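In: A predicted structure for the sequence below; I have some questions about it.
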Number of protein chains: 2
Amino acid sequence: MNKKVSLKDIAQKVGVSTALVSYVLNDKRQNRVGKDLAKKIKKTATTLNYRPNQIAKSLKTNKTNTIGLIVADISNPFSSQIARAIEDEAEKNDYTVILGSSGENAEKSAKLINIFLERQVDGIIICPVENTQAQVRYLHKINIPFVLLDRYFPEVKANHVSVNNFGAAYMAVDHLIKQGYRNIGMIAYKTSLVHLQERTRGYIEALRNNKQSFKKSRLKELKMGCTQQEVEKAIDQLLKQPVDALFFTSNTLASCGIKYINKLHIQVPNDLGIVSFDETEAADLFYAPLTYIKQPIDEMGKQSLHILLDKISGKKKMITSNIDGELIVQRSSVLE
Amino acid sequence: MNKKVSLKDIAQKVGVSTALVSYVLNDKRQNRVGKDLAKKIKKTATTLNYRPNQIAKSLKTNKTNTIGLIVADISNPFSSQIARAIEDEAEKNDYTVILGSSGENAEKSAKLINIFLERQVDGIIICPVENTQAQVRYLHKINIPFVLLDRYFPEVKANHVSVNNFGAAYMAVDHLIKQGYRNIGMIAYKTSLVHLQERTRGYIEALRNNKQSFKKSRLKELKMGCTQQEVEKAIDQLLKQPVDALFFTSNTLASCGIKYINKLHIQVPNDLGIVSFDETEAADLFYAPLTYIKQPIDEMGKQSLHILLDKISGKKKMITSNIDGELIVQRSSVLE
DNA sequence: GTGAAAGCGCTAACAG
DNA sequence: CTGTTAGCGCTTTCAC
C-alpha cells in the first residue's frame, strides 16, 4: 500500500515544522514566511504529490464542506434533475453532496438524517415525505442548518423553497377552460402533503372563478406510488362521465395516463384535452405532445443551496421562497 | 449553537475514561466491562443523545465507509438508475455514496477523482469518459480500490463490469433480420469508447452472419451529445436509401429519432422497423412501442459495488464481469 | 519570520 | 476486569 503523504512528510523533507507547511499550502499569513522557503515547500508538496486529508481538516475545523441531500425518489426525473442542479451549484461553492433517496418513506428518511449527522454534514436539504414533521422539528432543535425543498409543512416553520403549486394548477385549469373545455377531471394524490393539496385547490379555484361547478366525482385521488392499473381504473371512472379534459397532478400519473389513453385510441385534444403537472419524457412523444407545467427545477436547486449556505454561514432569518411554474402549451390542450 | 456531545462528555458524567465508553458503545471486549457500568454508560449516552462523530472515527481508523461514484451524465435515466442501484446496495453494506457527474468531460472527471481522494473515500466506482486512461492508470498506481462500470479501456487493465454490448447488438440486429427486414441502418456514436464500438461490431457481424452486406452509408456516426437536428439529418440521409429498419445505439438517440419519425408520419413497424439500445420512457409511449435492449442495471450496480467491497477488503485478483442484455420485443420491430 | 504544542473525537496498544 | 495514554493529520494560538 502506498503510504499517503502528510504535512509531516513535507515538513521533515524540507526541515521545517508542519505548521509552516500548512501556512504556505493554504496561502495564509503570506507575510509570515520567506519567499524562498515558501517556494521550496510548494515544490516539495508537488513532488511528493501531497494531497490534503480533508478528514483531518474537518475534524480540526469542525467543518466538512459537505451537505446532505434527501430526495423523495431518485428514479423520478424530477429528483435526479434536482440533484444535479444542487450538485452543480454545490461544486461551484466547494461543497460536496451526499445523496440519499427516501423512497417516500419516513423511516428511511430518519435513517438518512442520522447518517448525515454522524458524518457531520454542514447542512441538509430535504424533500420531506409524509409524516416527517417530527424530523424537521428535531433538525431545528439541534440547530443544524437545513432547507426544505419542493415540499413543506405549514405547521412547522422552516426555511423552504417550493413552487407556487396553487398558481400553477390554477393556470393550467384556467387555460383548459379558456380553450373551451367544459368538464375537466383531475387525477391527483390522496395525501397529507400540502404542496399537492395546493394543486387540487388551484383546480377547484380555477373552476369556481370561471363559473364552473366543482364536482367531487371528477376529482380522483390515488395513493402515492399507485399502479398503472389503478390509474386506468380512475380514468375509466372519469370517462364514464361527460369529461372532456384531464389534469394530471404529477408526471408519473400523466405518464401512466397517456399510455392508457393511447391504448384506448381516444382523440387528443379534440375528444379529450390533457395537461400535466411536471414533465415526462413522454410529454413530447405522445402523438399529441402534452401541455404541461414546467417546474423551475434549476432555480429551485440553486436557491435551496444558497439559502442553505447562508444558514451555514450564520444567517438567522428564516427564508422561504415560492417560485412560479410555467405553462408550456402544446397540442394536447388546444382544440383544433 | 448546541454543543455536540462527545465520548468525553459521557465519560466525565459517568466518571470513567473515554476509552471505556468507546468499548461499551461499540460492543467490543464485552467481557472487559462490568454489566452495571455498561448499562450506566449506555443510558447516559441515550440521555445525552450522543451521536458518534464519524469524522473522528475515520481519522483514527483510516476508513471512511464512503465510496465515490462518477457517472457520465446524471440527467440520463441510465445514470440515475445505476446510481440508485449502487446506493441501495451500499447502504445495505453500511457505506455512503458521494456522487459526481462527469458530463462526459475528462477534466471534470479528474476533478471529481481528486475530491474523492481528498475525502479519503475507501473506493471509487467510475463510468469513465473518453480520454481518461491516464486517470485510471493513476488510480491503479496509488493503489486505491476502484471499479470501472459500463465502460472500460481494453488497453488498461482494471476491474470492470459491463454489458455484453457486442452480443446485445448482435441479438437486436439478428432479430430484425429474422423479422424480415432487409436493409438495416444504424445510428451510432463516433467515439473511442470501446463499449460503443462493440455495439457497432455486433451490428456488422449480425449482418454478415445473415449474408447481408454491410454498407458504410447505412451506418451514421454522430458525436456524443449531438442535437436533435443532427439526428434528424442522419435519419434523412438514411431514409433516402432503401432502408427499412433502424437500430439506435442509445436511448438518447432513439428518443430523438422517434420524435422525428413521429413527425414524418412514417409507419412503424411496417414501413420502418426500430430497435433501440437501452430504454427510454418514450419506448412505451410511441404509438408502436419500441423493441429495445434492456440493460441489467441493478445487476451491474450490485456487482460493481461488491467487487469494490472485495477490493477494499484486500482481495487482489482482478475481476471483470460481462453481463448479458435482454431483448424486449415490442411492436416496433414486428412486421404485421 | 518561524516553530512548538495543544487538541479536534475517536480507537487501540498497552498497562495495571 | 478496568483504565490510561498515544496519536490519526491537521490548524492555530502563542511564544520565540
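Out: Perfect, I can see it now. Numbers count the residues shown, from 1 in each chain, chains lettered A, B, ... in the order given.
In: stretch A:219-238 - what's its average pLDDT?
Out: Stretch A:219-238 comes out with an average pLDDT of 96.
In: does it reach chain B?
Out: No - against chain B, stretch A:219-238 shows no contacts by CB under 8 Å from any CB of the partner chain, the least distance being 10.1 Å. C-beta here means a position set from N, CA and C on the backbone, and glycine is covered the same way.
In: start to end distance for stretch A:327-335?
Out: This stretch, stretch A:327-335, spans 17 Å end to end (CA to CA, to the nearest Å).
In: repeat that for stretch A:268-286.
Out: 10 Å.
In: ok, and for that stretch, which residues are buried?
Out: A:268-269, A:272-286 (16 or more other CB atoms under 10 Å in any protein chain shown).
In: for the residue of the stretch 1-150 of chain A found nearest chain B, what are its contacts?
Out: Minimum separation of the stretch 1-150 of chain A from chain B (CB to the nearest CB) falls at A:S80, amounting to 4.0 Å. Residues counted as contacts of A:S80 (CB atoms under 8 Å, 6 or more residues apart in numbering or on different chains) are A:V71, A:I74, B:I74, B:S75, B:P77, B:S79, B:S80, B:A83.
In: what does A:G167 give?
Out: Shown in contact with A:G167 (CB under 8 Å, 6+ apart): A:G202, A:D324, A:G325.
In: which ones among those lie within helices?
Out: Members of those lying in helices (criterion: DSSP state H): A:G202.
In: can you flag the buried ones in the contacts of A:G167?
Out: A:G202, A:G325.
In: filter the contacts of A:G167 down to the ones near DNA strand D?
Out: The subset of those lying close to DNA strand D, counting by CB under 7 Å from any atom of the strand, is empty.
In: and A:T291, backbone torsions?
Out: Main-chain dihedrals, A:T291, degrees, to the nearest 10: phi -70, psi 130.
In: where's the closest residue to A:M300 other than its chain neighbours, which helix or strand?
Out: Spatial nearest neighbour of A:M300, excluding adjacent residues (CB to CB, 6 or more residues apart in numbering or on different chains): A:V161 at 5.6 Å. Element membership for A:V161 (DSSP states H and E) is strand A:160-163.
In: so what secondary structure elements neighbour that strand?
Out: For strand A:160-163, the packing partners by 3 or more CB pairs under 8 Å, 6 or more residues apart in numbering or on different chains; DSSP states H and E come out as strand A:146-149, helix A:297-312, strand A:320-323.
In: what about the closest residue to A:S255 other than its chain neighbours, distance to DNA strand D?
Out: Leaving out its chain neighbours, the residue that sits closest to A:S255 by CB to CB, 6+ apart is A:T280, at 4.5 Å. Note on A:T280: its distance to DNA strand D, by CB to the nearest atom of the strand, to the nearest Å, is 47 Å.
In: count of residues packed around A:S213?
Out: With neighbours defined by other CB atoms under 10 Å in any protein chain shown, the count for A:S213 comes to 7.
In: for it, what are its contacts?
Out: By CB under 8 Å, 6+ apart, A:S213 lies in contact with A:L207.
In: do the same with A:L239
Out: A:I266.
In: could I get the phi/psi values of it?
Out: According to degrees, to the nearest 10, A:L239 has phi -70, psi -10.
In: tell me what the helix or strand of chain A with the lowest mean pLDDT is packed against?
Out: Ranked by mean pLDDT, DSSP states H and E, the helix or strand of chain A with the weakest confidence is helix A:282-285, at a mean of 78. For helix A:282-285, the elements it packs on are helix A:251-264, helix B:251-264, helix B:282-285, judged by 3+ CB pairs under 8 Å, 6+ apart.
In: cutoff 10 Å now
Out: Applying 3 or more CB pairs under 10 Å, 6 or more residues apart in numbering or on different chains; DSSP states H and E, we find helix A:282-285 packed against helix A:251-264, strand A:273-277, strand A:291-294, helix B:251-264, helix B:282-285.
In: of these, which is nearest A:V156?
Out: A:V156 lies closest, by CB to CB, to one member of these: strand A:273-277, at 24.1 Å.
In: pLDDT wise, what is the residue of the stretch 1-150 of chain A closest to chain B at?
Out: pLDDT recorded at A:S80 is 92.
In: returning to that earlier point: pick the most buried one from the helices and strands packed on helix A:282-285.
Out: Neighbour counts (mean count of other CB atoms under 10 Å in any protein chain shown) averaged over each of the helices and strands packed on helix A:282-285 peak at strand A:273-277, with a mean of 28.
In: neighbouring strands for that one, and are they parallel or not?
Out: The partner list of strand A:273-277 in its sheet, established with DSSP bridges, is strand A:245-248 (parallel), strand A:291-294 (parallel).
In: which residues does the nearest residue in space to A:N65 that is not next to it in sequence contact?
Out: Nearest residue to A:N65, sequence neighbours excluded (CB to CB, 6+ apart): A:Y95, at 5.3 Å. By CB atoms under 10 Å, 6 or more residues apart in numbering or on different chains, the contact list for A:Y95 reads A:64-67, A:86-87, A:89, A:121-123, A:305, A:308-309, A:312.
In: what about the closest residue to DNA strand D within the stretch 201-336 of chain A, neighbour count?
Out: Nearest residue of the stretch 201-336 of chain A to DNA strand D: A:S313, at 14.9 Å (CB to the nearest atom of the strand). Using other CB under 10 Å, A:S313 has 10 other residues around it.
In: so who does it touch?
Out: Counted by CB under 10 Å, 6+ apart, A:S313 has contacts A:D122, A:G123, A:P145.
In: pretty sure the last one contacts A:M318?
Out: No - under the criterion of CB atoms under 10 Å, A:P145 makes no contact with A:M318, lying 11.7 Å away.
In: tell me which of the two has more neighbours.
Out: Counted by other CB under 10 Å, A:P145 and A:M318 do not tie: A:P145 has more neighbours, with 21 against 11.
In: the more buried one: what's it in contact with?
Out: The contact partners of A:P145, by CB under 10 Å, 6+ apart, come to A:67, A:121-125, A:139, A:159, A:307-315.
In: distance check, A:A85 against A:D310.
Out: 17 Å (CB to CB, to the nearest Å).
In: of the two, who's got more company?
Out: Higher neighbour count among A:A85 and A:D310: A:A85, with 21 against 17, using other CB under 10 Å.
In: list the buried residues for the helix or strand hosting that one?
Out: Using DSSP H and E, A:A85 maps to helix A:77-92. For helix A:77-92, the neighbour count (16+ other CB under 10 Å) marks A:77-91 as buried.
In: what count of nearby residues applies to the closest residue to A:D324 other than its chain neighbours?
Out: The shortest distance from A:D324 to any residue other than its chain neighbours is 4.9 Å, reached at A:N164 (CB to CB, 6+ apart). Close neighbours of A:N164, defined as other CB under 10 Å, add up to 17.
In: for A:T44, same thing?
Out: Here the number of neighbours of A:T44 (other CB under 10 Å) works out to 20.
In: right, and it touches A:L20 too?
Out: No - contact criterion CB under 10 Å: A:T44 and A:L20 do not qualify, at 11.8 Å.
In: what do those two both touch?
Out: With CB under 10 Å, 6+ apart as the test, A:T44 and A:L20 both reach A:I10, A:A11, A:V14.
In: how much space between A:K141 and DNA strand D?
Out: 28 Å.
In: about what we covered before: got the helices and strands packed on helix A:282-285 as JSON lines, with distance to DNA strand C columns?
Out: Listed next are those as JSON lines, based on distance: least, CB to the nearest atom of the strand, whole Å:
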{"stretch": "helix A:251-264", "distance to DNA strand C": "41"}
{"stretch": "strand A:273-277", "distance to DNA strand C": "45"}
{"stretch": "strand A:291-294", "distance to DNA strand C": "45"}
{"stretch": "helix B:251-264", "distance to DNA strand C": "44"}
{"stretch": "helix B:282-285", "distance to DNA strand C": "49"}
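In: thank you, goodbye.
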